[in-house]
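Engineer: This is a predicted model, with the sequence first.
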Amino acid sequence: RIYPLMRVTLTTSDGASVTVSRQLTKHSGFIEKAITDMAVDDNAVPLSAVAVDVDDATLKLVIEWLTEHRDDALPYPEKTDEERRADDIPAWDQAFVQKWDTKEDQQQTLYAVITAADKLDIKGLLDMTCKTLANKINGKTVEEMREILQLECDFTEEELAEIRKENAWCEN
Amino acid sequence: SESMSNDFLGIPQNAIEMIFSYLDDKSLLRLREVCKSANDSVNDCLLNFQEIQISCYSYAQKRENTISVSFNLSRYERPIYEYWKIGLKNIVHKLGITGFKFSDKENVRDVTAKIENGKVKSFLEYLKPRI
């Protein structure tokens, strides 16, 4: 049983400590495992020691999302291929991500939250942020994808021609 | 512990695969043309169709003008099967074949098709270089 009033202290890679209720951390498979299996002292979970270097700014975003979704049902519902769709992101989540668009490094923020959600095993947040990134890419040209993902073409013309040939098998 | 990623291809593989799963077929393939790393990343998931070995375990004439073809790709990981689904769906669409089914059960990679006699040859011709 999870006691919602129980507090959990999370320590980030840059030394900050944040104390949150178990009602939020129950959505993180990693933190729950740390508390129940790894016998952490005083419910203090040092994220950098066992998971990923989640920094303070990223953890604040994660906690903001967890706070909004604290009453979501668990376990996170698995969906079949037919049920999976990227256009069903809740309005609050869309607004939450759009706030980052004002930041110069908004793409890095998205990558950081995706990475944190994966490492902390927060399935709902991981799913939502992956959908967000997929929606940015879907239907775009190769050049637009390069711009969005900030990746540069490093193919020779011959290599690119070969890939286009392979892709044509599916696309034409 | 691992560092936070500052670029797309540095985010965890599990997340990359989830993002790919939300891309439509054409966008996923187009991503291969972005750069070498993106190409490798997609290929790691949907992989090398040239190594595929299809084992036909059923090839039977069900009706006078229809042949039932079944094969399975259960020895391959799900992403490779998904790649084949992309390719096979395209072939099926082009040849106007109906009754094509892909199993979506976990660990079952069955593909079955009821193909009109006149289209079997074309279908196998498409597959031949990839078998």
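Structural biologist: Good, I have the coordinates. Residues are numbered from 1 along each chain as shown, chains lettered A, B, ... in the order given.
Engineer: Quick one: the helices in the chain, in order.
Structural biologist: Unless you meant another one, I'm taking chain A. For chain A, the helices defined by DSSP state H cover A:22-25, A:29-37, A:47-50, A:56-68, A:91-98, A:106-119, A:123-137, A:142-149, A:157-171.
Engineer: wrong one, I was asking about chain B
Structural biologist: Under DSSP H, chain B gives helices at B:13-21, B:25-31, B:36-46, B:78-95, B:117-127.
Engineer: Switch those helices over to a markdown table; also include mean pLDDT and mean neighbour count.
Structural biologist: Just so you know, the C-beta spots here come from the backbone N, C-alpha and C atoms, and that holds for glycine as well. Formatted as a markdown table, the helices of chain B follow (pLDDT from 0 to 100; neighbours: other Cβ atoms under 10 Å in any protein chain shown):
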| stretch | mean pLDDT | mean neighbour count |
| --- | --- | --- |
| helix B:13-21 | 89 | 19 |
| helix B:25-31 | 87 | 21 |
| helix B:36-46 | 79 | 18 |
| helix B:78-95 | 68 | 18 |
| helix B:117-127 | 79 | 14 |
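Engineer: Dump those into a markdown table; add distance to A:K33 as well.
Structural biologist: Below are those laid out as a markdown table (distance: least, Cβ to Cβ, whole Å):
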| stretch | distance to A:K33 |
| --- | --- |
| helix B:13-21 | 16 |
| helix B:25-31 | 32 |
| helix B:36-46 | 27 |
| helix B:78-95 | 25 |
| helix B:117-127 | 45 |
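Engineer: rank the helices of chain A by pLDDT, which is bottom?
Structural biologist: For these, mean pLDDT drops lowest on helix A:47-50, to a mean of 62.
Engineer: Show me the domain layout of chain B.
Structural biologist: B:8-46, B:54-130 (automatic domain parsing).
Engineer: Residue nearest the middle of chain A, spatially speaking?
Structural biologist: A:I114 (2.4 Å; Cα atoms, centre = their mean).
Engineer: Would you confirm that that residue contacts B:I16?
Structural biologist: No - if you go by Cβ atoms under 8 Å, A:I114 and B:I16 don't touch, sitting 9.2 Å apart.
Engineer: Domains in chain A, by residue range?
Structural biologist: A:7-75+A:85-138, A:140-172.
Engineer: and these, which is most packed in?
Structural biologist: Mean neighbours per residue, mean count of other Cβ atoms under 10 Å in any protein chain shown, is largest over the domains of chain A for domain A:7-75+A:85-138, with a mean of 17.
Engineer: How far off centre is that one?
Structural biologist: 6 Å (Cα atoms, centre = their mean, to the nearest Å).
Engineer: That domain: end-to-end distance?
Structural biologist: One end of domain A:7-75+A:85-138 to the other measures 41 Å (Cα to Cα, to the nearest Å).
Engineer: Turn the helices of chain A into CSV, including distance to chain B.
Structural biologist: Formatted as CSV, those follow (distance: least, Cβ to the nearest Cβ, whole Å):
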stretch, distance to chain B
helix A:22-25, 18
helix A:29-37, 12
helix A:47-50, 5
helix A:56-68, 7
helix A:91-98, 14
helix A:106-119, 4
helix A:123-137, 4
helix A:142-149, 5
helix A:157-171, 4
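Engineer: mind giving me JSON lines with those and columns for distance to B:I115?
Structural biologist: Output for those, formatted as JSON lines (distance: least, Cβ to Cβ, whole Å):
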{"stretch": "helix A:22-25", "distance to B:I115": "54"}
{"stretch": "helix A:29-37", "distance to B:I115": "45"}
{"stretch": "helix A:47-50", "distance to B:I115": "53"}
{"stretch": "helix A:56-68", "distance to B:I115": "49"}
{"stretch": "helix A:91-98", "distance to B:I115": "44"}
{"stretch": "helix A:106-119", "distance to B:I115": "42"}
{"stretch": "helix A:123-137", "distance to B:I115": "33"}
{"stretch": "helix A:142-149", "distance to B:I115": "34"}
{"stretch": "helix A:157-171", "distance to B:I115": "19"}
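Engineer: Relative to B:G10, which of the ones you listed is closest?
Structural biologist: Nearest to B:G10 among the helices of chain A is helix A:106-119; the distance by Cβ to Cβ comes to 7.4 Å.
Engineer: between that closest one and helix A:91-98, how big is the angle?
Structural biologist: Angle of helix A:106-119 versus helix A:91-98, following axes from the mean of the first three to the mean of the last three Cα atoms, to 10 degrees, is 120 degrees.
Engineer: got the angle for helix A:106-119 vs helix A:56-68?
Structural biologist: 60 degrees.
Engineer: List the contacts of A:D56.
Structural biologist: A:T12, A:D14, A:A16, A:V18 (Cβ atoms under 8 Å, 6 or more residues apart in numbering or on different chains).
Engineer: The closest residue to A:L149 other than its chain neighbours: how many residues sit nearby?
Structural biologist: Residue nearest to A:L149 in three dimensions, not counting chain neighbours: B:F8, with 4.6 Å by Cβ to Cβ, 6 or more residues apart in numbering or on different chains. Neighbours of B:F8 under the rule other Cβ atoms under 10 Å in any protein chain shown: 25.
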